[in-house]
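Chemist: Sequence unavailable; structure follows:
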């Protein structure tokens, strides 16, 4: 992404969100991580994508457990993003999902040639991956959000 696009959220588009998320593919998973080389978790990936579009954005948090209080997790997303119905999801949106019993996982949503995909930092894969949105993940989706200020 060019330096010009990084300076302002006015360039925050669905394509730029997905481009930035995909630029992290292969980065190792690390709980509370915020670094390509040392690792990133699912929330960290969302935060780093936001920061790539707005370097002055300062709402990062790293004081959470592996299975965070789902009320806190959800309230954080509601404070920092725009919630919308899951049925209205669009590429570049973030889906929150249940991982076992708790809503504590987030993924970037995309559609390519009619097939749904997700980009996420996933502990079981030990890295940031892109994969088809499986029936299991779809059934575990609890909420949908988009970045504030997204232009398309």
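Modeler: Great, that's in hand. A quick note: this is a predicted structure, and the numbers were derived from the prediction, not measured.

Chemist: If you tally nearby residues, what's the number for residue 140?
Modeler: Residue 140: 16 surrounding residues under other C-beta atoms under 10 Å. C-beta: built from backbone N, CA, C; applies to glycine.

Chemist: brain fart, residue 35
Modeler: By the criterion of other C-beta under 10 Å, residue 35 has 12 neighbours.

Chemist: Please apply the same query to residue 27.
Modeler: Using other C-beta under 10 Å: residue 27 sits among 21 other residues.

Chemist: how close does it sit to residue 44?
Modeler: Distance, residue 27 to residue 44, by C-beta to C-beta, to the nearest Å: 10 Å.

Chemist: got any residues that touch both of the two?
Modeler: Common neighbours of residue 27 and residue 44 (criterion: C-beta atoms under 8 Å, 6 or more residues apart in numbering): residue 121.

Chemist: what are the pairing partners of the longest strand belonging to the chain, and which direction each?
Modeler: What stands out as the longest strand in the chain, according to DSSP state E, is strand 102-112. Sheet pairing of strand 102-112 (DSSP bridges) gives strand 94-99 (antiparallel), strand 115-122 (antiparallel).

Chemist: quick one: that strand to chain centroid distance?
Modeler: Strand 102-112 sits 6 Å away from the centroid of its parent chain (C-alpha atoms, centre = their mean, to the nearest Å).

Chemist: residues of that strand that come out buried?
Modeler: By neighbour count on 16 or more other C-beta atoms under 10 Å, the buried set for strand 102-112 is 103, 104, 105, 106, 107, 108, 109, 110.

Chemist: Name the residues linked to the third one by a beta bridge.
Modeler: So the one you mean is residue 105. Beta-bridge partners of residue 105, as defined by DSSP bridges: residue 97.
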